[in-house]
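> Sequence first, predicted coordinates after that:
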Amino acid sequence: MTRVGRVSRTTKETSVLVEIGLDGTGQVDVSTGVGFFDHMLDQLGRHGLFDLSVKTEGDLHIDSHHTIEDTALAFGAAFRQALGDKSGIVRFADASVPLDEALAQVTVDLSGRPYLVHREPDNMAPMIGSYDTTMTRHILESFVAQAQVALHVHVPYGRNAHHIVECQFKALARALRHASEIDPRQPGIPSTKGAL
C-alpha cells in the first residue's frame, strides 16, 4: 500500500506544491523562502518519518504570511489525501517533546473533524529571524482545517522562542507519525461509525 499525497495550490499570492509519503524514511526537501519555517517543515518530515517535498513561491516582498498560510493549507490537504479512507490506522496518538527548557505536548485524533486547541507561553519573542511567532497557531489552524483532524497542542513552559516553536513541530511530527501508522490488529476503519 502506497500512502502518498500530492497537492498543488496556486493563487495570486503564492504557488505551492506539497508531496508527502506517510510510510517514508524522513527524506525532506523544502523551500518556502522563509528560513525558520523551512526548518520547522524539516522537523515535521524527519521526526514523522514522512518523505516530504515542499516548494513554495510567495509574495515575500509583502511579508511571509501568505507563503506560510498557503503552505500549511496544502500540507494539510496532502496529509489528508495520503491517509486515504484511514482503514487500519491507529487514529489517536500523543507525544511530549522537550527542547532544553521548553516542553510541548501534542495529542491528535485523525477524526475527520477539524478542531484546534493551542496553548503556548504569552511572553514569547515576536520574531525568529523573519518568522512571526504568532504564525505558529495559524499554521496549526490551517493544517487542521485541511487535514480534518482534532489537534491539541500545549506548551506548559519555555523561555526561548526558537525552542518553544520547534518542540511543538517535533511533537506534532511524532504524534502524526504514530496516529497514521497501520495497526495490524485493526483491519478496518477505527470508528464505530464506520467512517472517519
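Arrived safely. Residues are numbered from 1 along each chain as shown.

> all contacts plus neighbour counts: C-alpha atoms, from now on.
Will do.

> where are the low-confidence patches of the protein?
Within the chain, the ranges that satisfy pLDDT under 70 run 1.

> Tell me which stretches of it form helices.
Using DSSP state H, the helices of the chain run over 35-48, 65-83, 135-147, 161-180.

> closest one to Ala102 among the ones you listed?
Nearest to Ala102, of all the helices of the chain, is helix 161-180, at 5.6 Å by C-alpha to C-alpha.

> by how many degrees do that closest one and helix 35-48 diverge?
Interaxial angle, helix 161-180 versus helix 35-48 (axes from the mean of the first three to the mean of the last three C-alpha atoms, to 10 degrees): 30 degrees.

> how about the helices of the chain in a markdown table, adding mean neighbour count?
Formatted as a markdown table, these follow (neighbours: other C-alpha atoms under 10 Å):
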| stretch | mean neighbour count |
| --- | --- |
| helix 35-48 | 22 |
| helix 65-83 | 24 |
| helix 135-147 | 22 |
| helix 161-180 | 24 |
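
> Reformat those as CSV; add distance to His118.
Below are the helices of the chain laid out as CSV (distance: least, C-alpha to C-alpha, whole Å):
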stretch, distance to His118
helix 35-48, 17
helix 65-83, 16
helix 135-147, 7
helix 161-180, 10
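
> Any idea which of these gets closest to Gln105?
Nearest to Gln105, of those and by C-alpha to C-alpha, is helix 161-180 at 6.6 Å.

> which helices and strands sit right next to the closest one?
If you count contacts as 3 or more C-alpha pairs under 8 Å, 6 or more residues apart in numbering; DSSP states H and E, helix 161-180 packs onto helix 35-48, strand 92-99, strand 102-109, strand 150-157.
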